[in-house]
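model the structure of this input:
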Amino acid sequence: IDNLARSAVSTEIPLSILTALIGAPFFAYLLKRSGGQWS
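Residues are numbered from 1 along each chain as shown. Reported below is the predicted structural model:
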């Protein structure tokens, strides 16, 4: 169980970083496209 938890954590951290790197510019693009106003 300990090895399984360690392998899950080691793959989860880069995945979350990758998601943030892809998601943040996309979110900024959506805000810029809508003029910065919330719908």
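
and residue 29, what element?
Using DSSP states H and E, residue 29 maps to helix 2-33.

pLDDT of that helix, averaged?
The average pLDDT within helix 2-33 is 80.

use 450 as the first number from now on
Got it, first residue is 450 now, which makes that one helix 451-482.

buried residues of that helix, list them for me.
Using 16 or more other C-beta atoms under 10 Å as the burial criterion, none of the residues of helix 451-482 qualify. To be clear about C-beta, it is placed using only N, CA and C from the backbone, and glycine gets the same treatment.

checking residue 484 next. Helix, strand or coil?
Here residue 484 is recorded as coil under DSSP: H, G, I helix; E, B strand; the rest coil.

quick one: it from residue 471, how far?
Distance, residue 484 to residue 471, using C-beta to C-beta, to the nearest Å: 23 Å.

repeat that for residue 451.
Residue 451 is 31 Å from residue 471, by C-beta to C-beta.

swap in residue 465?
Taking C-beta to C-beta, one finds residue 465 at 11 Å from residue 471.

next one: residue 479
13 Å.

joint contacts of the two?
When contacts are counted by C-beta atoms under 8 Å, 6 or more residues apart in numbering, residue 479 and residue 471 have no shared neighbour.
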